[in-house]
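> Only the shape, not the letters, is given here:
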């Protein structure tokens with residue numbers, strides 16, 4: 001069985017066009033959980049979560065619900081403004097001229113990991129914590145130091161599951177993919193298969209290589225909008241602006257079923273956080289992510 005959901009339950013398209021009108025923001029997660037049994041938490045990429053917030057997520061979702069949590073930017077070597085860190089950590093962090101944390105010592109980065117993971121305890125206790133999504137930036141390329149960092153990060157997670165998504169094609173070029181997948185399998189990390197635009201020239205677009213390196217099969221659907229992927233100044237909603245056709249999703253069904261057959265659990269998450277015109281009602285606007293997820297689930301049934 002493949003469990004299907006969206007990469008966030010709170011983006012603007014979902015908030016405006018998926019939930020009932022005037023539904024209070026606090027009630028959205030519970031309403032989402034009536035329709036899907038898994039979701040990714042996106043807000044944790046931007047700042048560290050706190051335990052009371054996570055306790056609320058655990059309380060507002062039913063037994064069996066699974067929340068995958070996106071790693072905080074500092075954990076995946078993304079640029080992070082120092083002011084988003086807890087106050088007691090700011091003074092110790094090296095900062096560049098733009099106010100961003102600049103190559104922090106391992107002990108400080110490890111402390112960030114510790115606080116991030118500690119805040120997830122309510123989900124862990126409730127049996128609702130899925131994987132921690134490490135979406136690596138495009139400048140983390142296939143080289144020895146990158147392997148070393150990913151392995152170190154996996155050690156920081158302890159027993160929590162690590163989901164690894166690459167954003168530079170060097171990891172999955174034909175000459176490197178076998179070594180990349182074998183490495184993830186060796187350290188016990190989950191490889192994230194992606195559906196994204198195809199381009200030989202864009203190094204931050206990886207080929208679609210369906211694979212399983214752990215008991216979990218995990219697929220993220222980013223859409224196929226090549227025109228907006230590297231648009232200068234473009235937003236995330238523009239980059240992932242894509243409503244899949246039934247035929248495009250139907251092509252994935254045999255692959256997803258094969259991946260699920262090789263794993264103990266399988267997930268498919270949609271990262272399309274823009275709106276679209278409803279194909280069945282030209283006067284209506286829909287959330288792409290929710291519509292894509294419903295359609296794939298129907299095809300898998």
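The structure has been received and is ready for your questions. Small disclaimer: the values here were computed from a predicted structure and weren't measured.
> what about the closest residue to residue 215 other than its chain neighbours, distance to residue 214?
Leaving out its chain neighbours, the residue that sits closest to residue 215 by C-beta to C-beta, 6 or more residues apart in numbering is residue 264, at 4.0 Å. Every residue, glycine included, has its C-beta placed from N, CA and C. Using C-beta to C-beta, to the nearest Å, residue 264 is found at 9 Å from residue 214.
> Correct me if wrong: residue 238 contacts residue 228.
Yes: counting by C-beta atoms under 8 Å, residue 228 is a contact partner of residue 238 at 4.6 Å.
> May I see the buried residues of stretch 4-20?
4-11, 13-14, 17-19 (16 or more other C-beta atoms under 10 Å).
> Check which helix or strand residue 203 maps to.
Element membership of residue 203 [criterion: DSSP states H and E] is none; it lies in no helix or strand.
> residue contacts, it?
138, 168-170 (C-beta atoms under 8 Å, 6 or more residues apart in numbering).
> please redo it, this time with the cut-off set to 6 Å
By C-beta atoms under 6 Å, 6 or more residues apart in numbering, the contact set of residue 203 is 168-169.
> So which elements touch the helix or strand of the chain with the lowest mean pLDDT?
The weakest-scoring helix or strand in the chain, judged by mean pLDDT, DSSP states H and E, is helix 236-239 (a mean of 86). Under the contact definition 3 or more C-beta pairs under 6 Å, 6 or more residues apart in numbering; DSSP states H and E, helix 236-239 sits against helix 226-229.
> all helices of the protein, in order?
12-17, 28-33, 51-59, 87-90, 106-119, 121-126, 144-157, 177-187, 226-229, 236-239, 246-250, 253-261, 288-300 (DSSP state H).
> What score does residue 72 have for pLDDT?
The model reports residue 72 with a pLDDT of 98.
> Wait, it touches residue 117, no?
No: contact criterion C-beta atoms under 6 Å: residue 72 and residue 117 do not qualify, at 10.3 Å.
> Pick out whichever of the two has more residues nearby.
residue 72 (23 against 19; other C-beta atoms under 10 Å).
> Now for the more buried one: which residues touch it?
Residue 72 touches 44, 48, 116, counting by C-beta under 6 Å, 6+ apart.
> Quick check: of those, which lies closest to residue 242?
Of all the contacts of residue 72, residue 242 sits closest to residue 44, with 24.0 Å by C-beta to C-beta.
> what pLDDT does that closest one get?
98.
> can I assume it is in contact with residue 68?
No: Residue 44 is beyond contact range of residue 68, at 10.2 Å (criterion: C-beta under 6 Å).
> List the buried residues for stretch 149-166?
Within stretch 149-166, the residues that count as buried by 16+ other C-beta under 10 Å are 149-150, 153-154, 156-157, 161-166.
> if we take the residues you listed, which one ends up nearest to residue 248?
So of those, ranked by how close each gets to residue 248 (C-beta to C-beta), first place is residue 165, at 20.2 Å.
> Report the separation between that closest one and residue 298.
Relative to residue 298, and taking C-beta to C-beta, residue 165 is found at 26 Å.
> do residue 290 as well
Counting by C-beta to C-beta, the gap from residue 290 to residue 298 is 13 Å.
> Look at these two and report which has more neighbours.
The neighbour count for residue 290 versus residue 298, taken as other C-beta under 10 Å, is higher for residue 290 (22 against 11).
> Of the buried residues of stretch 149-166, which pair is most distant in space?
156 and 166 (19.1 Å).
> wait, what's in contact with residue 179?
So residue 179 contacts nothing (C-beta under 6 Å, 6+ apart).
> If you could redo that for residue 17, that was the one I meant.
275, 285-287.
> Select from the contacts of residue 72 the one having the most neighbours.
residue 44 (22 neighbours).
> Relative to residue 66, how far out is that residue?
For residue 44 relative to residue 66 (C-beta to C-beta), the value is 15 Å.
> and what of residue 86?
28 Å.
> quick one: which of those two has more around it?
residue 66 (20 against 12).
> Run the chain-centre distance for stretch 48-62.
18 Å (C-alpha atoms, centre = their mean, to the nearest Å).
> who's in contact with it?
So stretch 48-62 is in contact with 29-30, 33, 72, 115-116, 119-120, 122-123, 126, 128, going by C-beta under 6 Å, 6+ apart.
> which among these gets closest to residue 245?
Distances from residue 245 to these, taken by C-beta to C-beta, are shortest for residue 33, at 27.6 Å.
> got a pLDDT number for that closest one?
pLDDT, read off for residue 33, is 98.
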